[in-house]
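Trainee: sequence below, structure please.
(one chain, ligands or ions: 2)
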Amino acid sequence: CVFCVSGAAMAGPRPVVMSGPSGAGKSTLLKKLLKEFDGVFGFSVSHTTRSPRPGEENGKDYHYVTREVMQAAIAKGEFIENAEFSGNMYGTSKAAVQAVQAKNLICILDIDMQGVKNIKRTDLNPIYVSIQPPSMETLEKRLRDRKTESEESLQKRLRAAKVDMEISKEPGLFDVLIINDELDLAYGKLKDALLEEIQKVRDTSKS
Ligand SMILES: Nc1ncnc2c1ncn2[C@@H]1O[C@H](COP(=O)(O)OP(=O)(O)OP(=O)(O)O)[C@@H](O)[C@H]1O
Ligand SMILES: Nc1nc2c(ncn2[C@@H]2O[C@H](COP(=O)(O)O)[C@@H](O)[C@H]2O)c(=O)[nH]1
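Mentor: Ligands and ions are numbered 1, 2, ... in the order given. Now for the predicted structure:
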């Protein structure tokens with residue numbers, strides 16, 4: 001298989017892909033999952049060429065690299081997928097996913113729409129979850145209040161969000177679509193969607 005990444009020997013819980021516009025609340029939701037279900041989920045740490053935000057840690061939130069380093073690693077076939085988003089490169093390395101799967105945890109990938117389309121051509125077989133904001137106005141407010149973006153980056157992200165919100169309606173692209181309006185309600189829906197996989201991991205770790 002040309003696009004094989006996980007390998008048959010890696011059969012374990014299904015990974016979870018979380019996608020949706022920048023500012024929709026993916027990181028907020030996945031951090032809640034990682035905290036509540038310690039020993040069940042593991043985060044696939046992506047590579048990026050963007051600079052770390054205050055509070056972000058190299059190797060935990062992302063692997064922060066230069067464009068040259070990232071391009072060389074992609075050329076060597078070390079990445080499952082990679083994309084250009086808002087002027088920076090992002091990508092999921094095979095090692096990032098394998099590190100989580102080796103521990104028999106549910107691997108969570110936080111990736112953009114290009115990543116979703118590319119993952120669909122692999123054998124990773126994840127559950128695809130789309131996190132959407134209630135409106136463009138709310139999204140813009142969240143991104144502005146987060147205070148992480150320059151005006152230019154914010155505008156780029158809002159333009160990408162409009163495209164993302166349209167494409168995500170494509171039938172069959174996502175298994176679950178969650179509107180993140182009230183955080184606790186959205187989190188409840190996310191947990192419900194993943195209950196079966198969570199139970200599998202709990203059953204396996206008991207036996
Ligand atoms: N339901 C919610 N209600 C109000 N604010 C929220 C909600 N969910 C997330 N936020 C806030 O919105 C901002 C964006 O959320 P977050 O950083 O999780 O988005 P994201 O989708 O991970 O964005 P990116 O793709 O840029 O990493 C954060 O400041 C977060 O605290
Ligand atoms: N295709 C990929 N997209 C990724 C990856 N890691 C993160 N992302 C997406 O990038 C944007 C911006 O993220 P930010 O941290 O700069 O706000 C967001 O939509 C992420 O989902 C990746 O490895 N591949």
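Trainee: for the closest residue to Phe174 other than its chain neighbours, list the residues it contacts.
Mentor: Spatially, and ignoring its direct neighbours in sequence, Phe174 is nearest to Ser130 (4.1 Å; Cβ to Cβ, 6 or more residues apart in numbering). Any C-beta I mention is one placed from the backbone N, CA and C, and that applies to glycine too. Going by Cβ atoms under 8 Å, 6 or more residues apart in numbering, Ser130 touches Ser19, Gly20, Ser168, Leu173, Phe174, Val176, Leu177, Ile178.
Trainee: how about the CA coordinates for the helix or strand harbouring Ser130, as CSV?
Mentor: Ser130 is located in strand 127-132, with elements delineated by DSSP states H and E. Only the C-alpha atoms of strand 127-132 are listed here, as CSV (Å, rounded to 0.1, in the frame of the first residue of the first chain):
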residue,chain,number,x,y,z
ILE,A,127,-12.9,8.8,13.3
TYR,A,128,-13.2,12.2,11.6
VAL,A,129,-14.6,14.9,13.9
SER,A,130,-15.4,18.4,12.7
ILE,A,131,-15.5,21.2,15.3
GLN,A,132,-17.3,24.2,14.0
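Trainee: is it up against ligand 2 anywhere?
Mentor: No: judged by Cβ under 6 Å from any ligand atom, strand 127-132 makes no contact with ligand 2; its nearest approach is 9.4 Å.
Trainee: what of stretch 51-60?
Mentor: No: applying Cβ under 6 Å from any ligand atom, one finds stretch 51-60 separated from ligand 2 by no less than 7.8 Å.
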